[in-house]
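K.L.:
No sequence on hand, only this structure:
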């Protein structure tokens, strides 16, 4: 359970760090990034590999 929390915290930090935001009036919007799908798929692959590795122990 602790591993899932730490990995989730790490991955969400990466997604937040690579996201760009813009303010329009009093509202905040996330700008679309061309790298976002690549980052998301990479994190999914890393998560899957780590899950397989941890399950085998």
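P.N.:
Received, thanks. Please read these numbers as outputs of a predicted model, since none were measured by experiment.
K.L.:
What segments of this structure are strands?
P.N.:
Counting by DSSP state E, the chain has these strands, from start to end: 20-24, 27-31.
K.L.:
mind listing what the last one pairs with, with the direction of each?
P.N.:
When you say that, I think you mean strand 27-31. Paired neighbours of strand 27-31 in the sheet (DSSP bridges): strand 20-24 (antiparallel).
K.L.:
so how far is the partner strand from its chain's centroid?
P.N.:
In this view, strand 20-24 has its centroid 19 Å away from the chain centroid, taken as Cα atoms, centre = their mean, to the nearest Å.
K.L.:
likewise stretch 24-31?
P.N.:
21 Å.
K.L.:
Stretch 38-56 too?
P.N.:
With Cα atoms, centre = their mean, you get 11 Å for stretch 38-56.
K.L.:
And it, what's buried?
P.N.:
Neighbour counts over stretch 38-56 (16 or more other Cβ atoms under 10 Å) mark 39, 43 as buried. All C-beta atoms are positioned from the backbone trio N, CA, C, and that covers glycine.
K.L.:
Let's test this: mean pLDDT of it, rounded?
P.N.:
Across stretch 38-56, pLDDT averages out at 85.
K.L.:
can you list contacts of that stretch?
P.N.:
Contact with stretch 38-56 is made by 3, 7, 11, 14, 15, 18, as judged by Cβ atoms under 8 Å, 6 or more residues apart in numbering.
K.L.:
hmm, try it at 10 Å
P.N.:
3-4, 7-8, 10-12, 14-15, 17-19, 33, 35 (Cβ atoms under 10 Å, 6 or more residues apart in numbering).
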